[in-house]
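Q: Generate coordinates for the sequence data below:
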Amino acid sequence: MELELRHLRTLRAIAEAGSLTRAATALGLAQPALSAQLRRIERALGGELFERGRHGVRPTALGELVLERTRIVLPAVTELQQEAVRFARTRAGRGTERLLRLGGTHGPLLGALVDLMAAAGPDTRVTTHASWSERELAALLSEGRLDFAVTGTCGSAAPPDTEHLVWQEFAVDPVFVMLPDAHPLAHAPEVELAKLADEEWTCVPGDGCFGDCFTAACARAGFAPRRMYETDIASCVHLVQVGRAMGLCRATFPATPGITTRPLAGTPLLWRHLLGWHPATQRADTAATVLAQARTAHADAAARSDSYADWLARGENPAEALP
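A: Below is the predicted model of the structure:
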């Protein structure tokens, strides 16, 4: 019998489960079928790989040797598959029409970047993929299914998969609060977080640490947030407009009827805008061009926000608040 990758995955499943019964369940096999397969693998490798006992199975010395090699081989094969897919998709995108695949978390910067890239390269077809998850976007970059991703992190938190991907910061924003126009604090130059202790809140979801950072900021202000509605942007806007909740947004949030955005006193929360890509699939000059356009998109968005312009005019600098 020729040893195959599926056989190595079977051995790994048995070792992780510590039991043929549990391993069979995890693999979707009947236990007799798994036992027969294990015997065939052991014959191919020249000896017993697991000792059977009352409490399950454990690797023999030969089994430990094989499992040690398996821990090297399987990740290497997975990486080879991902690299091949990235290469094939990159090559497929080359032709008379250039394809640029952008990903991003929901917000105005992704749309602005699409507009700038389309204007700069009329022969470039731009596609987008929006996601609430920074980890999903990182996975798509690693798999070669996206060329660049616009996302961000709270404060100085690390972006996902820094081992394989390049992440470049292109802007830092304070986090503002969204208030209904009729709110008593809507005309204040800035809002102390403690004065919103009795409010409910809304923001878009994500898999980063923003929720924890907000809770910590509220604790420093002397209260715990009553309730947080995590939902899409349109629903967040509606909840603020009707006075159901206060919203959290980046300072570049565009002007919206019925809503006033105001800075939080002391800038307790920051958002770092990041552009990510895989260095194996992107040329340095292409990455530099997209990064420059991302910075332009942010500058344009900041210029359109009166509350952000007023905040900057007072000499505030969000980058100085980073640890």
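Q: ok, residue 35 - contacts?
A: Counting by C-beta atoms under 8 Å, 6 or more residues apart in numbering, residue 35 makes contact with residue 20. (Glycine included, C-beta is placed from N, CA and C.)
Q: That one is in what secondary structure piece?
A: When elements are assigned from DSSP states H and E, residue 35 belongs to helix 31-45.
Q: So which elements touch the helix or strand harbouring residue 174?
A: Here residue 174 sits within strand 166-180, counting by DSSP H and E. When contacts are defined as 3 or more C-beta pairs under 8 Å, 6 or more residues apart in numbering; DSSP states H and E, strand 166-180 sits against helix 233-241, strand 246-250, strand 259-263, strand 270-277, helix 284-303, helix 306-313.
Q: between those, which gets nearest to residue 225?
A: strand 246-250 (9.5 Å; C-beta to C-beta).
Q: Sheet-wise, list the partners of that closest one with their directions.
A: Each strand that pairs with strand 246-250, with its direction, by DSSP bridges: strand 166-180 (antiparallel), strand 201-203 (parallel).
Q: how far out from the middle of the chain is stretch 224-238?
A: 20 Å (C-alpha atoms, centre = their mean, to the nearest Å).
Q: Next: stretch 224-242.
A: The answer for stretch 224-242 is 21 Å, by C-alpha atoms, centre = their mean.
Q: And for stretch 190-201?
A: Relative to its chain's centre, stretch 190-201 lies at 28 Å (C-alpha atoms, centre = their mean).
Q: now do the same end-to-end measure for that stretch.
A: One end of stretch 190-201 sits 18 Å from the other (C-alpha to C-alpha, to the nearest Å).
Q: one step back: nearest to residue 119, of the helices and strands packed on strand 166-180?
A: Closest of the helices and strands packed on strand 166-180 to residue 119 is helix 284-303, at 9.3 Å (criterion: C-beta to C-beta).
Q: Just the buried residues of the closest one, please?
A: By 16 or more other C-beta atoms under 10 Å, the buried positions in helix 284-303 come out as 287, 290, 291, 293, 294, 295, 297, 298, 301, 302.
Q: helices and strands around the helix or strand harbouring residue 118, which ones?
A: Element membership of residue 118 [criterion: DSSP H and E] is helix 108-120. Counting contacts by 3+ C-beta pairs under 8 Å, 6+ apart, helix 108-120 is packed against strand 98-104, strand 124-130, strand 148-154, helix 284-303.
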